[in-house]
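**Student:** Here is my input; please provide its structure:
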Amino acid sequence: QNDSYSSTAGAGRQFQNRKMKAEQAKKVEFIRTAEKLKTQLANIEKDKNGHLYNRKSDFRVEYSILEELEHSMTVSRKTEKAKILQQLSKIQNNVKRLQQQLKDVKPTPEFVDKIKEMMEEVENAINAFKEEQRQIYEQLLKEEKTVINELSVFERKVEQWALGSSTTEQVLKLSSARVSVDKTLGSHLPAEVVEFERFLQRTGGRQGGWDDYDHQNFLKVRTKHKGRLSYVDEALEYLCGRTKEDIEQHDKWYQEFLILHERKKESIKKWKEKQRQKKEGNLKEKAEKMLKEAWLQHEEAQKQKAAEERKRQQAAIEAWKKQKAIAFAMEQASKRKLEEEKEKKQQKERQRQCHMKLLLERYTLQKKEKEELEKLEKEKREEAEKEERKRIAAEEITKFQER
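**Tutor:** As a prediction, the model looks like this:
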């Protein structure tokens, strides 16, 4: 039995050594990967700060909100990290205390009960930690899904801007800007046209300052309800980020837009008829040529500016995506590490239980052998005493007969 136990223990030590070497290699690879991700994250943070938090940026006011949000989230992550480290440290101390107790094994029921109680305490602490982390991961997955959906909406809007889905709007806005600036050309246009173009310039263009995605949804729902204010509640479902007051204000703007646009159409008809009657073809052609050249120059400048702005926004979005990907990778790496540590602890626990089982079996066997030996000795003593009594009785009988 001792030889069998020694061979089993030797095999267990060899397996444990191989396991420790494999775990050490995994730790080295994990540290190397973590350092690489940390360097990439630092570079992305640098690029992101250069794009978003530059004090010379035209969108400094809007980006300052993101900066404050990022700061608060950083503080929250550090707090959560400290809390997790504190919980892990507590579990580690309990495990070390249990290991210290196992160094001096005593085959007594009290010792077994004490070990069992300590094991249950460690197991409860680990299960509680796992459950808490599981709930946190589930909440993070829900938040990630929400962010991905919102990001998809923003990406569609950016793609619509990039594809130039509102080219007609840009042409008319540029024309209105040109008319409002150039007094010479403005003097050749009807007052209704100038009024309409100034209205567009003042209120944010042919969509009232709204983007194409929101404005088209607004028109779709409004047309469905034939302009009745009952459409507002349904419109709120399609217009993410818009309030009821925003929609009502936009409806007022749109009604005024329709009135001015109709006036402009009528005025343009009259103006065209008047221009045709004047038969000033050469002068008109020259004016149109000058207007076209000026408009083309202005359009080219606006396109270039818009392209540069799209590049900046796209770079910021890419930096955000990379940062999120790295954060997700680090989270997965941390999760794998926790799972590996869990497997290691479970393996140690199984080995400890096996060792305790062997000790208990050995103790039980020794106790049983001792009891059998004592029983055998007792039977021998009783047999000897019985024989001695028989011998004494025989001698007494013999003596009695001799007398």
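**Student:** State the helix or strand in which Lys345 lies.
**Tutor:** Assigned by DSSP states H and E, Lys345 belongs to helix 281-402.
**Student:** Sorry, wrong one. I was asking about Asp104.
**Tutor:** Counting by DSSP H and E, Asp104 is part of no helix or strand.
**Student:** Can you name the residues that contact it?
**Tutor:** For Asp104, the contact set (CB atoms under 8 Å, 6 or more residues apart in numbering) is empty. Backbone N, C-alpha and C define where each C-beta goes, glycine included.
**Student:** From Lys265, how far out is it?
**Tutor:** 99 Å (CB to CB, to the nearest Å).
**Student:** And for Arg352?
**Tutor:** When distance is defined by CB to CB, Arg352 is 89 Å away from Lys265.
**Student:** Let me see the mean pLDDT of stretch 29-36.
**Tutor:** Stretch 29-36 shows a mean pLDDT of 87.
**Student:** Mind listing what's buried along it?
**Tutor:** Neighbour counts over stretch 29-36 (16 or more other CB atoms under 10 Å) mark no residue as buried.
**Student:** again, but for stretch 190-208
**Tutor:** By neighbour count on 16+ other CB under 10 Å, the buried set for stretch 190-208 is 190, 192-194, 196-200, 205-208.
**Student:** can you give me the helices for the stretch 1-150 of the chain?
**Tutor:** Assigned by DSSP state H, counting those that start in this stretch, the stretch 1-150 of the chain shows helices spanning 2-52, 60-102, 109-163.
**Student:** quick one: the strands in the stretch 151-300 of the chain?
**Tutor:** Counting by DSSP state E, counting those that start in this stretch, no segments of the stretch 151-300 of the chain form strands.
**Student:** sorry, back to before: now the angle between helix 60-102 and the helix holding Lys345, please.
**Tutor:** For helix 281-402 against helix 60-102, the angle by axes from the mean of the first three to the mean of the last three CA atoms, to 10 degrees is 10 degrees.
**Student:** Could you shift the numbering so residue one becomes 18, and keep it that way?
**Tutor:** That works, and once the first residue is 18, the last one we named lands at helix 298-419.
**Student:** Please name every helix or strand in contact with helix 298-419.
**Tutor:** Here helix 298-419 touches helix 19-69, helix 126-180, helix 184-198, going by 3 or more CB pairs under 8 Å, 6 or more residues apart in numbering; DSSP states H and E.
**Student:** Show me how far the second one is from its chain's centre.
**Tutor:** Think helix 126-180. Here the centre of helix 126-180 is set off from its chain's centre by 10 Å, with CA atoms, centre = their mean, to the nearest Å.
**Student:** With stretch 261-279 instead?
**Tutor:** Its chain's average C-alpha position is 40 Å from that of stretch 261-279, according to CA atoms, centre = their mean.
**Student:** Which parts of it count as buried, going by neighbours?
**Tutor:** In stretch 261-279, counting by 16+ other CB under 10 Å, buried: Asp263, Ile264, His267, Asp268, Trp270, Tyr271, Phe274, Leu277, His278.
**Student:** what do you get for stretch 253-262?
**Tutor:** Leu256, Arg259.
**Student:** Looking at the buried residues of stretch 207-225, which one is closest to Arg329?
**Tutor:** Arg329 has its nearest neighbour among these in Gly222, at 21.4 Å by CB to CB.
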